[in-house]
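Novice: sequence first, predicted coordinates after that:
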Amino acid sequence: MAKIYKRVSIVVSCVAMVMSFRTALPLPLIFLLVIHNAFSKNGLGVNYRDSHICALKHSSVIMSCNYIYPTGYKIKKVFWTKNPVKGEEPPDLSEDPEYSRRLQYLGDEQQNCTIRLSHVTQKDSNMYYFRFITNKPGEKWLGVPGVSLTVTDLQVESPETVTEGDSVRLTCKSSCALTDRATFIWYRNSQPLTERRDRNNQLLLQSVRREDAGRYSCGVQGHNHYLKSTDVQLNVTYPPRNVSVFINGSSEIVEGDSVTLICSSDSNPPALNFTWFQENQSSSVGSGQSFSALQSGRFYCEAHNQHGSQRSDAVTVTVHGVYH
Ligand SMILES: *[C@@H]1O[C@H](CO)[C@@H](O)[C@H](O)[C@H]1NC(C)=O
Ligand SMILES: *[C@@H]1O[C@H](CO)[C@@H](O)[C@H](O)[C@H]1NC(C)=O
């Protein structure tokens, strides 16, 4: 019972709205539910080629449409508008300083209402409607549901840090599904990557090497515009490599002096934890990045970070006795 009542009331409100349509502006959203093709009984109407457009930032957008009205009518005014308010004459976008220089009416005063909007930015994401006014009193039309324009830029989605040997997937994200079949181009440190391009908008780095660290960006070639994302830094962490001991000064000293040994390594994050050993001794002889050797022997260090550790080759320290 409630269902039937609801349906009846929708039909009634549709009729009421169609009747009031010519004089007052209905809310576009309500109209979306009511009239899909946007043709009225009076023979006034607008058809859009695309109801949704996803455009790359800074590109030019063509909103293609045509309009009809009964023979014998003359067209007095044609324009595009946005954000119409019920009961008010909608504003002409070509008089809006935000649009006037970027808007080009490609249509005519007969049936073609195509328009081009250039240099779009995210601020232009909106619903747009074509409006025409005829010479017959009250016979004017707003073409709902209009064209939904979404302007997108590109963003690389990637983890900040990946550990060497792991796989990582980078995604080139847009805020709407690009209308054209887009070709994505990937860059590392501004150099195009030709190899290892994954399907669609993703780049798969398998078994990451430290050379894969760098600034990544992606680009898309649209039909009239090329758009590139900003860079995203990918940090590759790895355990210490190339661990070696540097001798500060001479490795041959006299008794009573000491020689400073320094442990260096290549690791990310940098190794902060070092252990010193002397060959043929079972336990460590020191810690810290530098170590003071006081006696003869062969010394080596081991560098650690959270991903692992590596030991260096040994260096020889010789202490000469002092003869009195
Ligand atoms: C409307 O005009 C545009 C621009 O001149 C043109 O590209 C388009 O084909 C025309 N559309 C129709 C249906 O004639
Ligand atoms: C990479 O990540 C590690 C661990 O989070 C950090 O310590 C290091 O500073 C980062 N390196 C760069 C170049 O961002």
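Specialist: Okay, I see it. Ligands and ions are numbered 1, 2, ... in the order given.
Novice: quick one: low-confidence residue ranges for the chain.
Specialist: When the per-residue scores of the chain are filtered using pLDDT under 70, the ranges that remain are 1-41, 179-181, 195-199, 323-324.
Novice: hmm, who's touching stretch 123-133?
Specialist: For stretch 123-133, the external contacting residues (Cβ atoms under 8 Å, 6 or more residues apart in numbering) are 28, 44, 46, 48, 63, 65, 67, 69, 75-84, 90, 92-93, 98, 113, 115, 117, 139-151. In this view, the C-beta of every residue, glycine as well, is placed from N, C-alpha and C.
Novice: please parse this protein into its domains.
Specialist: Following automatic domain parsing, one finds the domains of the chain at 2-151, 154-230, 238-320.
Novice: gap between the shortest one and the chain center?
Specialist: Just to be clear, that refers to domain 154-230. Domain 154-230 has its C-alpha centroid displaced from the chain centroid by 10 Å (Cα atoms, centre = their mean, to the nearest Å).
Novice: repeat for stretch 109-119
Specialist: Between the centre of stretch 109-119 and the centre of its host chain there is 30 Å, according to Cα atoms, centre = their mean.
Novice: and residue 67, what are its bridge partners?
Specialist: Per DSSP bridges, the residues bridged to residue 67 are residue 46.
Novice: residue contacts, it?
Specialist: Shown here is residue 67, whose contacts under the criterion Cβ under 8 Å, 6+ apart are 44, 45, 46, 47, 78, 111, 113, 130, 132, 141, 143.
Novice: re the thing from before, how about the domains of the chain in TSV, adding distance to ligand 1?
Specialist: What follows is the domains of the chain, written out as TSV (distance: least, Cβ to the nearest ligand atom, whole Å):
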stretch	distance to ligand 1
domain 2-151	4
domain 154-230	14
domain 238-320	55
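Novice: ligand 2: which of those is closest?
Specialist: domain 238-320 (3.1 Å; Cβ to the nearest ligand atom).
Novice: okay, now the closest one: how far is its last residue from its first?
Specialist: Terminal residues of domain 238-320 are spaced 41 Å apart (Cα to Cα, to the nearest Å).
Novice: quick one: the strands in the stretch 101-250 of the chain, in order.
Specialist: If you assign secondary structure with DSSP state E, counting those that start in this stretch, the strands in the stretch 101-250 of the chain sit at 103-105, 115-117, 126-134, 140-142, 147-152, 155-157, 161-163, 168-173, 183-188, 191-192, 202-205, 214-221, 226-228, 232-248.
Novice: now the third one: buried residues?
Specialist: Of the residues in strand 126-134, those with enough neighbours to count as buried (16 or more other Cβ atoms under 10 Å) are 127, 128, 129, 130, 131, 132, 134.
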